[in-house]
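Trainee: My questions concern the predicted model and sequence given below.
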Amino acid sequence: MKNLPTELLSHVFALTITRDSYLDQYPQESSNKPQATLSLVCRYWEQVAITTPQIWSYIHLYEEKTEDALRRRLDLARSEPLDIRVDLGDDVDSYETFRDCYIILLDSIDRWRSFVVQGTVSFNEDLQNWIPGLLPSIVEGAYYVDIENHSEGLAAFDYDAGEDVVFRFKPWTVAPNLRRFAVKTSGQFYFKECPLVTEFVISGMGHWWGGSLDEHSWHDKWEEYLTQLTERCPQLETLEISDWWDYVEGSDPMGWTQAHTKWPLFSHLRTLKADALGAACGIPILSKFNAPDLQNLQLGHIHVCLPVPLPSVTLSIDPSSCRIRFDKSPLHAIKLFLERASQVKELNVSIDLADALEIGAERYGFVDERGDDPAGLRGRVTEDWAWIKENIRSVEWVLPETFEGLFLQEELTAESAAEFAMIGKIQRPERQMA
């Protein structure tokens, strides 16, 4: 290694330094350990490390960071584009040096390539202290911030008025070069302008709205948010939404699907990923979503999405050009969903077998433990499998990584699938929704 040219060794160093993606909500702060390790090998390596700005351009600002250390790192990064992660912690106001360090970072804002904020604040308005009004150069960003006032500025108790008041939220950020964005504090839209965004990830949507909304105001909030997405992200190609909020029992989640109008038009959207939207939202959203060129609809935890009793539903897709993929969903829930879809005979479907044969969800009468009722389990899997094969025009069975090959068509029979489920040959793959 001592004989490697400086340029090649510098390139190797750059490849050894891992940096968190904007999609990583909880990164492990490694400080300067990788850089320090490289620098301690020998004097030659130390000189190469010091003159390799790429290994210093990921900057994680957290409570222990000092001003001198931050300035040193910025100097070593030279003119390299910066990946910035600001960790507010649980009580950022108590950190005396944190604000001073952040001001130092702001001096280099024109070099920020990515920007991620995580931590906890008391109110939505507090975020304005940590999110600049102009992010001129970032192409990736994310806000993973827990707001102690869960109303997210939408509806909160006004002690002066003595009643719940809806507070209107005004976005303040302009990000003219932003391409990819993820948000956890998703009850409101944070951008005045972000015209180039092509990928948008939203988690915990309904949770931040609270449980005081009726079915019609839920509809209004979803429609308002999606309207802002279509207006401010006209180039959006991929949208991922997830939630675990199942809201008020006894409400009529289908009450706001009666209007025949669809939601705002996503003219460029090709992929929609919807995971665990909850019974109050899942079916209505899939009925009203307006993306005529959608090619991939990926549904996760579909058993969480089904209201009881399950009504008939017309999916807002073109069955001839859009494939539906089911992840993390029991086969019986998939069958219940598909048999209530009006376009069932025209659909093209992919099913993740590892999750489909992970029988669960007691509310639908599934067998939770595979050993409890072997005969009943075998019969249910066989029956559901046969119904899907008979009624769906095109089915691809997505196999876990332990199998050779990715897709399987007719080689796996219903009987062998039941057997796989019983003896545990199909195991849950460790991966995110693809």
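Mentor: Perfect, I can see it now.

Trainee: okay but residue 182 is in contact with residue 114, surely?
Mentor: No - counting by CB atoms under 8 Å, residue 182 stays clear of residue 114, with 11.0 Å between them. No exception for glycine: its C-beta is placed from N, CA and C like everyone else's.

Trainee: Pull up the overlap in contacts between those two.
Mentor: 22, 141 (CB atoms under 8 Å, 6 or more residues apart in numbering).

Trainee: where exactly do the strands run in the stretch 251-400 of the chain?
Mentor: Ranges of strands in the stretch 251-400 of the chain, per DSSP state E, counting those that start in this stretch, are 271-275, 296-300, 323-327, 348-352, 394-398.

Trainee: Which of those comes out lowest on mean pLDDT?
Mentor: Lowest mean pLDDT within those: strand 394-398, a mean of 80.

Trainee: List the buried residues in that one.
Mentor: By neighbour count with 16 or more other CB atoms under 10 Å, strand 394-398 contains the buried residues 395, 397, 398.

Trainee: How about the contacts made by the first one?
Mentor: This points to residue 395. Neighbours of residue 395 in contact, by CB under 8 Å, 6+ apart: 349, 350, 351, 388, 389, 409.

Trainee: most surrounded residue in those?
Mentor: residue 351 (23 neighbours; other CB atoms under 10 Å).

Trainee: quick one on the thing from earlier: same list (the contacts of residue 395) but as CSV, adding distance to residue 88.
Mentor: Putting the contacts of residue 395 into CSV (distance: CB to CB, whole Å) gives the following:
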residue, distance to residue 88
349, 43
350, 40
351, 41
388, 47
389, 51
409, 50
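
Trainee: Make sure residue 199 is actually in contact with residue 181.
Mentor: Yes - between residue 199 and residue 181 there is a contact under CB under 8 Å: 7.2 Å.

Trainee: Which of those two has more residues huddled nearby?
Mentor: Remark: of residue 199 and residue 181, residue 181 carries more neighbours, 24 against 18, as counted by other CB under 10 Å.

Trainee: So what touches whichever helix or strand the more buried one is part of?
Mentor: Taking DSSP states H and E as the criterion, residue 181 maps to strand 180-183. The contact list for strand 180-183 (CB under 8 Å, 6+ apart) reads 22-23, 139-144, 190, 194, 197-203.

Trainee: Pull out the buried residues from the longest strand anywhere in the chain.
Mentor: Taking DSSP state E as the criterion, the chain has its longest strand at strand 112-121. Going by neighbour count (16+ other CB under 10 Å), the buried part of strand 112-121 is 112, 113, 114, 115, 116, 117, 118, 119, 121.

Trainee: Could you measure from the fourth one over to residue 241?
Mentor: Meaning residue 115. According to CB to CB, to the nearest Å, residue 115 stands 22 Å off from residue 241.

Trainee: just to revisit the earlier point, tell me the one of the buried residues of strand 394-398 nearest residue 60?
Mentor: residue 398 (36.0 Å; CB to CB).

Trainee: Identify the residue spatially nearest to that closest one, adjacent ones excluded.
Mentor: Nearest residue to residue 398 in three dimensions, chain neighbours excluded: residue 352, at 4.6 Å (CB to CB, 6 or more residues apart in numbering).

Trainee: Please apply the same query to residue 135.
Mentor: Distance criterion CB to CB, 6+ apart; nearest residue to residue 135, sequence neighbours excluded, is residue 175 at 4.4 Å.

Trainee: Having no further points to raise, I will conclude here.
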